[in-house]
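**Student:** Let's see this in three dimensions:
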Amino acid sequence: MSEIHPTAAAPGDILVVEGEAAGERFDRFLAGHLGSRAAAARAIDAGALVDGRTRERSYRLAGGERIELPAAAPVVAAELTGPPPRIAWEDEYLAVVDKPAGLTVHPGAGRPAGTLVDALAGLVSGGEPGRPGIVHRLDRDTSGLMVVARSEEAHKRLSALVKRRGLERTYLALVRGQPASRTGRIEAPIGRDRDDPTRFSLETDTPRDAITHFELAESHRGSSLLRVKLETGRTHQIRVHLAAIGLPVVGDRVYGVTDPALSRQFLHASRLAFPHPFTDELVDVESPLPPELARYLAALDGD
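**Tutor:** Reported below is the predicted structural model:
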């Protein structure tokens, strides 16, 4: 290994912290040498040392330390099969991610790798093994906004925020049919279907409280675009609740109605708002409809 003062460091290098960097966070110092905060986080997670000791990302440097980079950065478990997620908003504590449809949030029995968690390797941290940073989820074929944690403490605070229903989650859902009123509230417990454990329904032996609010955003030929807000966050809640009142989500192969012109369910997490768990300032992020959904919607009333 060579002892250097580089602007672009490589695995195995030793960095000397200059005096002017005194007081700087460990991760930010590394980001300046490795090219990004994600690369810095990966290096720290892989065992970067400050004077021979591991340190948290937030550790404040004093100046004069020797930082030893690990021999190699961890490798992402698998290539993504679709478009990568977009970071819509971030700071040192958390990030709001715009997830594309077709991307599973975390590894499971049906998808061991190539997930959102893999794509965010080095950016997220905290929580369950295999699900770092994850405090709430979106279905595989639902696109839109999710908040993820970047440390164990951020995960704890975000999880507490979710538990007390502090996340304001708004979705756009295209359904077949017209609602009986412009606004509505659906309160019906949801659990695994008693006859088909791969589905969730109101016909269940394990009910959990579930509340969904909706309002009519646009009327189209034979369909309605609804703005939906979750008060609770049960698995498949929007899809199950809307199907239960006769408004199935278009493109939903399990609970809704399919259309050969649409390859996914028309459900998009369009807005996420919440008080920042460290500063209490309002974080309010919006995501436009993905192009394929916007095109489908525009074509509905055409000849």
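**Student:** which stretches of the stretch 51-200 of the chain have low pLDDT?
**Tutor:** 71-82, 108-113 (pLDDT under 70).
**Student:** switch the cut-off to 50
**Tutor:** Filtered on pLDDT under 50, the stretch 51-200 of the chain yields the residue ranges 73-78.
**Student:** Walk me through the domains of the protein.
**Tutor:** Following automatic domain parsing, the chain resolves into domains at 3-68, 86-299.
**Student:** Save the ones you listed as JSON lines, and put in mean neighbour count too.
**Tutor:** Glycine gets a C-beta too; all of them are placed from N, C-alpha and C. Shown next, in JSON lines, are those (neighbours: other CB atoms under 10 Å):
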{"stretch": "domain 3-68", "mean neighbour count": "16"}
{"stretch": "domain 86-299", "mean neighbour count": "18"}
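**Student:** measure the most centrally placed residue in the chain to residue 211 for me?
**Tutor:** Taking CA atoms, centre = their mean, the centroid of the chain lies closest to residue 146, which sits 3.3 Å from it. To residue 211, residue 146 is 20 Å away according to CB to CB, to the nearest Å.
**Student:** Would you work out how far apart the start and end of stretch 52-69 are?
**Tutor:** 11 Å (CA to CA, to the nearest Å).
**Student:** what sits up against it?
**Tutor:** With contacts defined as CB atoms under 8 Å, 6 or more residues apart in numbering, stretch 52-69 is touched by 1, 3, 9-27, 29-30, 40-41, 43-44, 47-51, 92, 151.
**Student:** try 7 Å
**Tutor:** Here stretch 52-69 makes contact (CB atoms under 7 Å, 6 or more residues apart in numbering) with 9, 11-19, 21-27, 29, 41, 43-44, 47-51, 151.
**Student:** Can you list the residue ranges for strands in the stretch 201-303 of the chain?
**Tutor:** Secondary structure of the stretch 201-303 of the chain by DSSP state E, counting those that start in this stretch: the strands cover 211-220, 223-230, 267-275, 282-286.
**Student:** Send me the first one as PDB with only the CA atoms.
**Tutor:** The reference is to strand 211-220. Extracted in PDB, the C-alpha atoms of strand 211-220 (Å, rounded to 0.1, in the frame of the first residue of the first chain):
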ATOM      1  CA  ILE A 211     -58.200   2.400   6.100                       C
ATOM      2  CA  THR A 212     -58.100   4.000   2.600                       C
ATOM      3  CA  HIS A 213     -59.300   7.400   1.500                       C
ATOM      4  CA  PHE A 214     -59.900   8.400  -2.100                       C
ATOM      5  CA  GLU A 215     -61.100  11.300  -4.200                       C
ATOM      6  CA  LEU A 216     -61.900  11.500  -7.900                       C
ATOM      7  CA  ALA A 217     -59.100  13.300  -9.800                       C
ATOM      8  CA  GLU A 218     -60.300  12.700 -13.400                       C
ATOM      9  CA  SER A 219     -63.100  10.900 -15.200                       C
ATOM     10  CA  HIS A 220     -62.400   9.000 -18.400                       C
END
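**Student:** Which elements pack onto it?
**Tutor:** Here strand 211-220 touches strand 183-187, strand 223-230, helix 237-244, going by 3 or more CB pairs under 7 Å, 6 or more residues apart in numbering; DSSP states H and E.
**Student:** which neighbours does it have in its sheet, and in what orientation?
**Tutor:** strand 183-187 (antiparallel), strand 223-230 (antiparallel) (DSSP bridges).
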